[in-house]
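>>> Mind folding the following:
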Amino acid sequence: MAKGTFAVFIAAVASAMASAVFQISTIVGSVWIRQNLHRYVWVGWVVSGALWLWWLLAKAKEVGAKQPGSVQPSAQIPININLSHTLSPIVSQTVSPSHSNRQTVSPPAYPPSTEPPKLRLSICGSEMPILMFRMGHWSIYASGTPSVIVWVENKAANEGEGCEAISGVVAAISYRDSDGRTLAQIARAYWLNDPASQIDIGAGERKAIVLGTLYGRDWKVYENSYIPPIRLASAPELPHFPAPREFTVVFNNTLVIVVSIINVEMRKTIKKFTVEFLDKGGGDRTITVNEHI
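Model (predicted):
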C-alpha cells in the first residue's frame with residue numbers, strides 16, 4: 001500500500017461511520033440512543049479529522065521534497081574527473097579579495113594566435129603619361145600634357161596573414177633642387193582619376209599620385225583644394241569642382257621630390273619616399289624612386 005493511503009482509507013471509513021451514526025440517531029425512536037450516540041459521533045469526527053490532517057501534512061512534505069533545486073542524498077551520483085587530462089592546458093589564476101570588485105578587462109581586438117594586420121604600402125613604379133584635367137581630376141588621355149606620376153600599392157597579405165584597407169590617406173609633396181632648397185610645397189596632392197585629396201586604398205589596390213606636369217624644362221605642380229560637391233540651382237545634378245592651385249617649379253637639371261603619405265585618421269606619416277627627376281636635355285629624362293630616405 002502506497003505511503004499515506006492507509007491514513008486516507010481510515011479517515012474515509014471513520015467519516016462514513018460518523019455520518020452513518022449521526023443519520024441513525026436522527027431517525028431511530030429510542031431515547032437512550034438519542035441521548036448517548038451523539039458522543040460517539042463527535043469522537044468519530046475528531047478521529048477522521050486527525051487522520052485527514054495527518055495525510056495532508058505527509059502529502060505536503062512529499063511535494064516539498066520533489067521541488068526543483070532540492071538535493072536528496074540518495075540521488076547524488078559520484079563524478080570522477082581526471083585533472084591530469086582535463087586541466088593540463090588551463091592556467092589557473094587566484095583572484096585576491098581586493099581585486100574582486102574591479103572591472104573585467106575586455107579581450108584584445110585580435111586573437112592571441114594572430115597578429116594585427118600590418119601596413120603593406122609600397123612603391124610599385126613611376127610613369128610619364130599624357131594627362132588632362134577634366135571634371136575635377138587628372139586622367140590619362142591621348143592628348144594632353146606630359147606628366148609624372150608614381151604608383152603606390154597596398155599589398156595583399158600572404159596566406160594566413162591579416163590585411164586591411166588604409167583609409168583617410170593624403171599625399172603631401174615637397175619639391176627641392178639639387179642643393180636641398182625647397183622650391184614648392186603641396187599639402188594635398190592629386191590622385192589619378194579621383195577628385196578627392198583624401199582617399200582610401202583597399203587591400204591589393206594601387207593608386208597613383210600626380211607629381212606634376214612638364215612644360216619644357218619647368219614643372220607645374222598642383223594642390224588639390226577639393227570641397228564636397230555643391231548643388232547648383234540651375235543644374236542640381238552637376239557638382240562643382242574647384243580649379244587646382246597651380247605652382248611653377250624652375251630648376252636646373254635635377255629635381256628632388258619628397259612624398260609623404262599621411263594617414264589623417266591615425267595622424268601620422270605611414271610612408272615617405274623620394275623621386276629624383278633628372279633632365280639631361282634633348283628629351284633625355286630619367287626618374288629614380290628611392291623608398292629608403
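
>>> When you work out contacts or count neighbours from here on, use the C-alpha atoms and nothing else.
Will do.

>>> At which residues are the helices of the protein located?
Assigned helices in the chain, in chain order: 5-27, 31-65, 83-86 (criterion: DSSP state H).

>>> weakest of those helices by average pLDDT?
Lowest mean pLDDT within those: helix 83-86, a mean of 47.

>>> residues in contact with residue 193?
Listed by C-alpha atoms under 8 Å, 6 or more residues apart in numbering, the contact set of residue 193 reads 137, 138, 139.

>>> neighbour-wise, which of these leads?
When neighbours are taken as other C-alpha atoms under 10 Å, the top entry among the contacts of residue 193 is residue 137 (21 neighbours).

>>> tally of neighbours for the closest residue to residue 174 other than its chain neighbours?
Nearest non-adjacent residue to residue 174, counting by C-alpha to C-alpha, 6 or more residues apart in numbering: residue 185, 4.6 Å away. When counting by other C-alpha under 10 Å, one arrives at 18 neighbours for residue 185.

>>> From residue 171, how far off is residue 185?
Counting by C-alpha to C-alpha, to the nearest Å, the separation of residue 185 from residue 171 is 11 Å.

>>> now swap in residue 157 and tell me
Taking C-alpha to C-alpha, one finds residue 157 at 23 Å from residue 171.

>>> Looking at those two, which one has more neighbours?
The residue with more neighbours, out of residue 157 and residue 171, is residue 171; 24 against 16, by other C-alpha under 10 Å.

>>> Quick one: neighbours of the residue lying closest to that one once chain neighbours are set aside, just the number.
Distance criterion C-alpha to C-alpha, 6+ apart; nearest residue to residue 171, sequence neighbours excluded, is residue 261 at 4.6 Å. For residue 261, the tally of surrounding residues (other C-alpha under 10 Å) stands at 20.

>>> OK, contacts around residue 261?
Applying C-alpha under 8 Å, 6+ apart to residue 261 gives the contacts 169, 170, 171, 172, 269, 270, 271, 272.

>>> Is there a quick PyMOL command that grabs whichever of those residues are buried?
One line in PyMOL is enough to select the buried ones among the contacts of residue 261; burial here means 16 or more other C-alpha atoms under 10 Å:
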select buried, resi 169+170+171+172+270+271+272
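
>>> Going by distance to residue 241, which of the contacts of residue 261 wins?
Nearest to residue 241, judged by C-alpha to C-alpha, of those is residue 170 at 18.1 Å.
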